[in-house]
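[1] any chance you could fold what I've pasted below:
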Amino acid sequence: MPLGTKNKYPRWALPKDHEQMLKVAIVLLTDSFYDDVRKFRKAKAGEIGRMISYLPPRYRLQYDEVFAKKFHVCLTVAGWKMFADGAQYLSCLAEELAVSAILRCAETLMEVQGKEPNYHDFKGCILEDADFEWLFDDSADGIDQTNLGEAMGMASLSFSDWFKPFNKHRHVHTLAEKLVKGDGTEPKKPS
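    The predicted structure is shown next:
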């Protein structure tokens, strides 16, 4: 099922209190990640504040200022897609990771309030697969490039592909796909 309110989520998948907490999480993370982006100019790679706690740790040293800006855009876009009119589909792995961050934040907020979060059915409605979760398991590094990954129909989990559209019918926000450094130059590609 695509994201968006024209295709209203069934109440069994997203109770009203869970929906409200998702909206709070979107605002909280959007603001927090914006602060991370602003502070990043003074930080070293891998030290971007709250954002890093929602991302796969194995890539910590690759999270730089350009990455932080691009991921912030994906978080904003994914949050919008969750409640936008019309059918919306996640376009890239970074948007899936952003949705995961929103869900994890909402779960934590509910737990702090003494409520039992359950987004399992909602995840089934909005995520086409959970392949991105392999990124958090170091023992599965490279699984997308194996026969098993191919048999499962996995998209590339390579860090260099996180902001690339899943297919020609999906479009990643221009700022996330082609963002340049603050001085207008293209980021250097690792050799």
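[2] longest single helix anywhere in this structure?
    Assignment by DSSP state H gives helix 16-40 as the longest helix of the chain.
[3] by contact count, what packs against it?
    When contacts are defined as 3 or more Cβ pairs under 8 Å, 6 or more residues apart in numbering; DSSP states H and E, helix 16-40 packs onto helix 65-83, helix 93-112. In short, each C-beta sits where N, CA and C put it, glycine included.
[4] lowest-pLDDT helix or strand in this protein?
    helix 147-151 (a mean of 68; mean pLDDT, DSSP states H and E).
[5] what residue is smack in the middle of this structure?
    The C-alpha lying nearest the average C-alpha coordinate of the chain belongs to residue 98 (Cα atoms, centre = their mean; 1.7 Å).
[6] quick one: average confidence on stretch 99-118?
    Stretch 99-118 carries an average pLDDT of 96.
[7] typo on my end, stretch 55-68
    The average of the pLDDT scores along stretch 55-68 is 88.
[8] what comes up buried for it?
    Neighbour counts using 16 or more other Cβ atoms under 10 Å place 55, 56, 63, 64, 65, 66, 67, 68 of stretch 55-68 among the buried residues.
[9] mind putting these into JSON lines with distance to residue 125?
    Below are the buried residues of stretch 55-68 laid out as JSON lines (distance: Cβ to Cβ, whole Å):
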{"residue": "55", "distance to residue 125": "24"}
{"residue": "56", "distance to residue 125": "24"}
{"residue": "63", "distance to residue 125": "29"}
{"residue": "64", "distance to residue 125": "34"}
{"residue": "65", "distance to residue 125": "34"}
{"residue": "66", "distance to residue 125": "32"}
{"residue": "67", "distance to residue 125": "29"}
{"residue": "68", "distance to residue 125": "29"}
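[10] can you pull out the residues in contact with the longest helix of the chain?
    Helix 16-40 is contacted from outside by 9, 14, 48-51, 54, 64-65, 68-69, 71-72, 75-76, 79, 82-83, 101-103, 105-106, 109-110, 115, 117-119, 122, using Cβ atoms under 8 Å, 6 or more residues apart in numbering.
[11] give the contact list for the residue nearest to the centre of the chain.
    With Cβ under 8 Å, 6+ apart, residue 98 has these contacts: 71, 74, 75, 77, 78, 79.
[12] what does residue 80 give?
    Residue 80 touches residue 88, counting by Cβ under 8 Å, 6+ apart.
[13] what's around residue 38, how many residues?
    Residue 38 is flanked by 11 other residues according to other Cβ atoms under 10 Å.
[14] now it: how far from residue 69?
    Distance of residue 38 to residue 69, computed by Cβ to Cβ, to the nearest Å: 10 Å.
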